[in-house]
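Asks: Here you go, sequence then predicted model.
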Amino acid sequence: METPVLISFTLYMLVMVGIGLYFYFKTNDLSDFVLGGRQLGPGVTALSAGASDMSGWLLLGLPGMMYSDGIVGSWIAVGLILGAYLNWHYIAKPLRVYTHHLNDAITIPDYFSNRFEDHSNTLRIVTAVVILVFYTLYTSSGLVGGAKLFEATFHLDYSTSLLVGSVIIVSYTFLGGYNAVSWTDFIQGILMMLALVITPIVVIMHIGGISEGLALIESVDPAKLDILSGTSLIGILSLMAWGLGYFGQPHILVRFMSIRHEDEMNRAKTIGMTWMILSVIGSLAVGFFGFAYVLSEGIDLQDSEKIFITLSQLLFNPWIAGFLLAAILAAIMSTIDSQLLVSSSVLTRDIYHALVRKEASNTELVWVGRATVIVIAVIAWYLSTDQDSSVLMLVAYAWAGFGAAFGPLIILSLYNPNITRLGAIAGMVTGSLTVIIWKQLDGGLFDLYELLPGFIAAWGAIIVVSKVGNESSKHTQKIFDEVQKKLKTKRS
């Protein structure tokens with residue numbers, strides 16, 4: 001390990017922990033800890049949403065897929081960019097207005113419970129269970145990515161790498177809560193984008209230009225230049241279906257809820273989409289042209305998900321290499337911290353406070369939230385001890401689970417006044433079970449990504465059960481009309 005790499009990498013980690021310490025003294029109640037008091041500006045909202053969305057798969061899983069499969073993997077980018085845009089355009093502002101209008105709901109279970117007047121807390125519990133199950137898998141994917149980074153960078157064994165990465169990420173989330181997570185994500189988002197813009201440019205220059213890179217790839221594996229190679233209509237639908245997942249990801253949705261005013265959402269959308277497009281294109285280019293670089297240098301790369309790490313170590317001086325390696329850690333940390341915080345908020349607000357100790361003080365709730373961060377992290381760490389785990393596969397499973405369980409319900413709850421409590425429960429259960437069962441059927445029927453059938457099944461269950469059960473109450477209808485009137489006034 002060269003000293004400049006070690007210094008720049010260590011400085012980055014100390015800055016992240018320092019931000020956590022700063023916001024430790026700014027956190028006064030549970031709303032501060034889990035939603036930042038709804039005081040984030042558009043820039044921080046946008047970049048923290050993007051950084052928490054992309055995770056380590058943007059610098060590990062996606063480049064690895066392009067390295068292995070070629071440009072056919074770019075279909076996933078088309079689906080993601082389209083899904084993210086629709087999420088910002090149709091979900092962000094209505095969700096911010098609705099959650100604030102419904103007794104200042106600060107978690108997704110809180111929103112569902114208030115939206116459908118669920119006094120039995122059944123909806124709250126079902127939502128919490130879904131979040132905890134899939135976030136445990138999602139968090140473990142990030143820890144696997146962090147372990148791969150420390151393993152390749154510091155030449156530590158996998159178990160030690162996993163432990164070191166886990167401790168760093170948990171520390172500032174534990175201390176600073178939502179503000180610490182959002183501001184670290186803001187910094188990490190900038191770092192990730194710069195790394196993904198700079199690296200492919202340097203790689204392309206090194207191999208002699210884009211045309212030279214394409215010629216080299218074609219001479220070895222022409223199929224990598226065919227956007228339809230090795231796939232089918234179902235394969236393309238599966239890749240593009242990733243975009244449906246955006247509507248149901250709690251760690252992204254809470255960013256919309258936390259912006260200080262809904263009128264700033266359009267500005268946040270512009271910033272967020274610009275960041276995403278640049279980052280995703282850069283990620284695809286890293287994997288694609290990284291393959292050409294490996295061919296030109298005769299490198300034997302065993303793990304395709306380490307292509308970005310390999311490029312950063314071989315093409316840059318140690319100071320810049322440290323910065324690029326820190327970008328990978330940034331991508332990993334920016335998602336895990338958000339997932340830990342959402343899981344913690346669910347356990348604290350929706351289980352402990354709502355069902356166990358309604359009289360708990362703000363100080364007690366904040367410390368319960370911090371304690372649950374550690375508990376969830378320990379469980380995720382245990383699931384991550386298998387060093388053969390794939391970052392992309394773990395992310396795909398959890399992404400599908402949330403997209404199917406919550407995506408249809410989020411959309412319909414904002415735009416359809418006739419959705420009922422039982423319909424909401426049916427949709428979540430159907431979506432979750434469809435994803436789980438589909439995944440177990442020999443890896444999925446027809447090679448179709450489990451998110452798509454799960455999303456369709458959940459949508460149908462919500463509509464059907466809402467029609468056959470009791471209608472929504474007059475009070476629920478009234479609240480829905482008030483929110484729609486407020487949104488219509490703002491649009492005009």
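Replies: Received the coordinates, thanks.

Asks: How about the contacts made by L196?
Replies: 58-59, 278-279, 282-283, 286, 327 (CB atoms under 8 Å, 6 or more residues apart in numbering). C-beta coordinates here come from the backbone N, C-alpha and C atoms, glycine included.

Asks: Spell out the secondary structure type for it.
Replies: What DSSP: H, G, I helix; E, B strand; the rest coil gives for L196 is helix.

Asks: Chain neighbours aside, what residue packs nearest to it?
Replies: With sequence-adjacent residues excluded and distances taken as CB to CB, 6 or more residues apart in numbering, L196 is closest to G282, at 3.1 Å.

Asks: neighbours around that neighbour, how many?
Replies: 23 (other CB atoms under 10 Å).

Asks: so how many other residues sit close to A268?
Replies: Residues lying near A268 (other CB under 10 Å) number 26.

Asks: Can you read off the backbone torsions of it?
Replies: The phi/psi pair for A268 (degrees, to the nearest 10) reads phi -60, psi -40.

Asks: the bottom helix or strand of the protein by mean pLDDT?
Replies: helix 30-35 (a mean of 56; mean pLDDT, DSSP states H and E).

Asks: Check which element follows that helix along the chain.
Replies: Next along the chain after helix 30-35, taking DSSP states H and E as the criterion, comes helix 42-54.

Asks: now for that following helix, which elements pack on it?
Replies: helix 158-206, helix 250-258, helix 265-297, helix 318-345 (3 or more CB pairs under 8 Å, 6 or more residues apart in numbering; DSSP states H and E).

Asks: Report the angle between the very next helix or strand once past the first one and helix 265-297.
Replies: Put plainly, it is helix 158-206. Under the assignment DSSP H and E, the closest C-terminal helix or strand after helix 158-206 is helix 210-220. Using axes from the mean of the first three to the mean of the last three CA atoms, to 10 degrees, the interaxial angle of helix 210-220 with respect to helix 265-297 works out to 60 degrees.

Asks: Quick one, which of the contacts of L196 are buried?
Replies: 58-59, 279, 282-283, 286, 327 (16 or more other CB atoms under 10 Å).

Asks: Dump the helices and strands packed on helix 42-54 into TSV; add mean pLDDT and distance to N418 as well.
Replies: Output for these, formatted as TSV (pLDDT from 0 to 100; distance: least, CB to CB, whole Å):
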stretch	mean pLDDT	distance to N418
helix 158-206	76	33
helix 250-258	84	22
helix 265-297	91	26
helix 318-345	73	29
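
Asks: what's stretch 460-471 in contact with?
Replies: 408-409, 412, 418-420, 422-424, 426-427, 429-431.

Asks: where are the low-confidence patches of the stretch 1-150 of the chain?
Replies: 1-2, 20, 23-39, 55-56 (pLDDT under 70).

Asks: Can you show me the helices along it?
Replies: 3-24, 30-35, 42-54, 61-69, 75-87, 93-101, 108-115, 122-154 (DSSP state H, counting those that start in this stretch).

Asks: so what does the first one touch, helix or strand wise?
Replies: So that's helix 3-24. Looks like helix 3-24 contacts helix 158-206, helix 318-345 (3+ CB pairs under 8 Å, 6+ apart).

Asks: and those, which is most packed in?
Replies: helix 318-345 (a mean of 26; mean count of other CB atoms under 10 Å).

Asks: still on that earlier bit, out of the contacts of L196, the closest to N317 would be?
Replies: Closest approach to N317 among those (CB to CB): A327, at 15.6 Å.

Asks: what sits against the nearest residue to that closest one once chain neighbours are set aside?
Replies: For A327, ignoring the flanking residues on the chain, the nearest one in space by CB to CB, 6+ apart is A195 at 3.5 Å. By CB under 8 Å, 6+ apart, A195 lies in contact with 59, 282, 323-324, 327-328.
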